[in-house]
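Peer 1: fold the stuff below for me.
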Amino acid sequence: MSFSSQSFSQEIVRALTECGYEKLTPIQQQAIPQARRGHDILANAQTGTGKTAAFSLPIIQKICDNPKPNSRFNVRALILAPTRELAAQIAKNIEDYTKYVSASVAAIYGGTKMGTQEKKLEQGLDILVATPGRLIEHMELNNVSLANLEFLVFDEADRMLDMGFIADMRTIMGDIRSQPQTMLFSATISSQMNKLANEILRKPKRISVSPENATADTVAHVVYPVDQERKRELLSELIGKKNWQQVLVFVNYKETANELVKELKLDGIKAVLCHGDKAQSARRRALDEFKEGKARVMVATEVAARGLDIQGLPHVVNYDMPFLAEDYVHRIGRTGRAGQKGHAVSFVSRDEELTLVQVENLIQQRIRRIQLAGYEPANRDALLTKMHTKPAFKDRRGRQNNPTAQSDAERRVRLHRAIKNRAKITKLKK
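Peer 2: Got it, this is the predicted structure:
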């Protein structure tokens, strides 16, 4: 089914063709006709299925069919996204779709100057893409008016709930005086999501293009059981032996991300960082380097990587298993997009086995386990006995698969000492 079959204008179809869009994806086939009819929508679709076009194209066409002069601070369509990266990506896509039509588009999110954003808002906008927190800041300063809002979209609404934005979402809804057509798009569906949908949607059309909380069929899943202390070594080995050229690695903590990037660089693997302590400009540069192939690895935390759109990304690695099983779906949604094949690799320590079981129950799939020789997890009972009886183990910060094995840092220290000793011996001989 082509986009021209949906009665989009020639200008929109032309822009879509230049974007490389040919046929509608399943979510687009189901959502676009309902959105064009003005229905509220609750859509369950995993990341990378074409959600942005599904909700934005009907809005763009309706704005073009009913043009209105921009009035000061007024917004006709509002699209909310949980992170600045996702907001920027949505705005970029919409700008591409509206290349040949008259529609004003802007994105506002944290990490950029309020004054610059205020100037855009003051002129009035057809379509505004925003993160909840930054939008509320502008609302409090009377920089934006939602009084005449015609369209409202919550993208990745489940993630907004996970990140604690429910109060912000209600604050924003409370400032809307009109009855906009409202659409919720989500990769996972929960009881809390259903409750929110009941609060803000009017007789919605429920759309699901895949089993709830499922992952793309194009993604191959694999698990490597390994002790926590051997994960970095295992990652370097897999990247080297399998010649992975582009790998997105998820960790749970910023400190882990910082340390991992340093260690990868010591192994000769160019890596970049993407986490909340990094300025928006630094994160953008890191993403550009990763996309352009200047860096083989990007290490990211959950929130920072939300909404990243990386064409043809082949590998996603869960260095740390996520705290919530639902986040596994979001993480690996970065790969296997638009029908392309992808690989989801998870490193699972003994402490993370329960999370793995929860993930398998969620996606209703048994994930294949690969035990790599030399990285077998230590026997837990024997290790606990050693830890309680030997001071050397009791005082250690972490565990190793092989108690006699040296860490990279220890090897470097010993090598440095050996070189110094050799130099002294040579000097004495002379």
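Peer 1: for this structure, give me the ranges with low pLDDT.
Peer 2: 46-48, 210-216, 303-307, 337-339, 379-430 (pLDDT under 70).
Peer 1: domain boundaries for the chain, per the record?
Peer 2: Split into domains by automatic domain parsing, the chain comes to 3-208, 219-378+393-404.
Peer 1: got these as a markdown table, with mean neighbour count columns?
Peer 2: Bear in mind the C-beta positions are built from the backbone N, C-alpha and C, glycine included. Shown next, in a markdown table, are the domains of the chain (neighbours: other CB atoms under 10 Å):
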| stretch | mean neighbour count |
| --- | --- |
| domain 3-208 | 19 |
| domain 219-378+393-404 | 18 |
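Peer 1: you'd agree residue 327 is up against residue 302?
Peer 2: Yes. Applying CB atoms under 8 Å, one finds residue 327 in contact with residue 302, separated by 6.1 Å.
Peer 1: show the contacting residues for the spatially closest residue to residue 247 that is not a sequence neighbour.
Peer 2: Sequence neighbours aside, residue 315 is the residue nearest to residue 247 in space, at 4.5 Å (criterion: CB to CB, 6 or more residues apart in numbering). Listed by CB atoms under 8 Å, 6 or more residues apart in numbering, the contact set of residue 315 reads 244, 246, 247, 248, 335, 342, 343, 345.
Peer 1: measure residue 138 to residue 255 for me?
Peer 2: 33 Å (CB to CB, to the nearest Å).
Peer 1: should've said residue 301
Peer 2: The separation that residue 301 has from residue 255, given CB to CB, amounts to 10 Å.
Peer 1: what do you get for residue 45?
Peer 2: The value you get for residue 45 to residue 255, if CB to CB is used, is 34 Å.
Peer 1: and the helices in the stretch 1-150 of the chain?
Peer 2: 10-18, 26-36, 51-65, 84-97, 114-122, 132-140 (DSSP state H, counting those that start in this stretch).
Peer 1: for residue 235, find the nearest of these.
Peer 2: Closest of the helices of the stretch 1-150 of the chain to residue 235 is helix 84-97, at 23.2 Å (criterion: CB to CB).
Peer 1: the closest one vs helix 132-140, what angle?
Peer 2: With axes from the mean of the first three to the mean of the last three CA atoms, to 10 degrees as the basis, helix 84-97 and helix 132-140 are set at 80 degrees to each other.
Peer 1: restrict helix 84-97 to CA atoms and write it as CSV.
Peer 2: The C-alpha trace of helix 84-97 is given here as CSV (Å, rounded to 0.1, in the frame of the first residue of the first chain):
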residue,chain,number,x,y,z
ARG,A,84,15.4,15.6,24.1
GLU,A,85,16.9,13.1,21.6
LEU,A,86,13.5,11.7,20.7
ALA,A,87,12.0,15.2,20.5
ALA,A,88,14.8,16.4,18.1
GLN,A,89,14.4,13.3,16.0
ILE,A,90,10.6,13.7,15.6
ALA,A,91,11.0,17.4,14.7
LYS,A,92,13.6,16.5,12.1
ASN,A,93,11.4,13.9,10.5
ILE,A,94,8.4,16.3,10.4
GLU,A,95,10.6,19.0,8.8
ASP,A,96,11.5,16.4,6.1
TYR,A,97,7.8,15.5,5.6
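Peer 1: that one: how far from the chain's middle?
Peer 2: Relative to its parent chain, helix 84-97 has a centroid offset of 14 Å by CA atoms, centre = their mean, to the nearest Å.
Peer 1: tell me what it is packed against?
Peer 2: In terms of contacts (3 or more CB pairs under 8 Å, 6 or more residues apart in numbering; DSSP states H and E), helix 84-97 is packed against helix 10-18, helix 51-65, strand 105-108, strand 125-130, helix 280-291.
Peer 1: identify whichever of the ones you listed lies nearest to residue 148.
Peer 2: Among the helices and strands packed on helix 84-97, strand 125-130 comes nearest to residue 148, with 11.8 Å by CB to CB.
Peer 1: kindly format the C-alpha coordinates of the closest one as CSV.
Peer 2: What follows is strand 125-130, C-alpha atoms only, in CSV (Å, rounded to 0.1, in the frame of the first residue of the first chain):
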residue,chain,number,x,y,z
LEU,A,125,3.6,27.3,15.4
ASP,A,126,1.6,24.7,13.5
ILE,A,127,3.5,21.8,15.1
LEU,A,128,5.4,21.9,18.4
VAL,A,129,7.5,18.9,19.6
ALA,A,130,8.5,19.1,23.3
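Peer 1: other SSEs contacting that strand?
Peer 2: On a contact count with 3+ CB pairs under 8 Å, 6+ apart, strand 125-130 meets helix 51-65, strand 75-80, helix 84-97, strand 105-108.
Peer 1: can you tell me the strand partners of that strand and which way each runs?
Peer 2: Counting by DSSP bridges, the strands paired with strand 125-130 are strand 75-80 (parallel), strand 105-108 (parallel).
Peer 1: what's the closest of the ones you listed to residue 144?
Peer 2: Nearest to residue 144 among the strands paired with strand 125-130 is strand 75-80 (6.1 Å), distances taken as CB to CB.
Peer 1: pull the residues that contact the closest one.
Peer 2: By CB under 8 Å, 6+ apart, the residues outside strand 75-80 that reach it are 55-56, 59, 63, 68, 87, 90, 121, 124-132, 135, 144-146, 148-155, 160, 169, 172, 180.
Peer 1: that strand versus helix 114-122: what angle between them?
Peer 2: 130 degrees.
Peer 1: quick check: residue 68 vs residue 91, distance?
Peer 2: 20 Å.
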